[in-house]
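>>> only geometry, no sequence info:
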């Protein structure tokens, strides 16, 4: 995953394929598939929760590329994902942030089958979540978009 400026986002959406990241790349490796299950907790994978789009969403820049090509999440969607991580639009007093503690709690309930053939232990899922959380919070604070590149 890379952060790109909002100006670069606009150019990429308009068809320009030249871009420079605004920060070093962050990789979740194959743990993205397991993390998707934890972020989407109990929802239909074909219609994921907005927060799960952090690893699976975005506009396809080259649908014919490997794994569907790179995808681009708008600065607005990046900010909305962080909003959801903080508890979303639940009324004050009922907000339950999606944090490492909640991810660890979900570990006993999430069916991890189908995530590259094997699941992950709680520590691995927590590491992937902390990495994703810090990355998106940094991008949102800077007003950046996110480009997800598959290898």
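Here it is on my side, so go on. Since the model is a prediction, treat every value here as computed from it, not as a measurement.
>>> ok, so what distance separates residue 53 from residue 32?
According to C-beta to C-beta, to the nearest Å, residue 53 and residue 32 sit 12 Å apart. Yep, even glycine has a C-beta here, placed from its N, CA and C like the rest.
>>> now residue 112
Distance check for residue 112 against residue 32: by C-beta to C-beta, it reads 13 Å.
>>> Compare those two and say which is more crowded by neighbours.
Legend: neighbour count by other C-beta atoms under 10 Å for residue 112 and residue 32, higher for residue 32 (20 against 16).
>>> dump the residue contacts of the more buried one.
The neighbourhood of residue 32, defined by C-beta atoms under 8 Å, 6 or more residues apart in numbering, consists of 55-56, 128.
>>> Number of residues surrounding the closest residue to residue 71 other than its chain neighbours?
Closest residue to residue 71 in three dimensions, ignoring its sequence neighbours and counting by C-beta to C-beta, 6 or more residues apart in numbering: residue 58, at 3.2 Å. Neighbourhood size, residue 58 [other C-beta under 10 Å]: 20.
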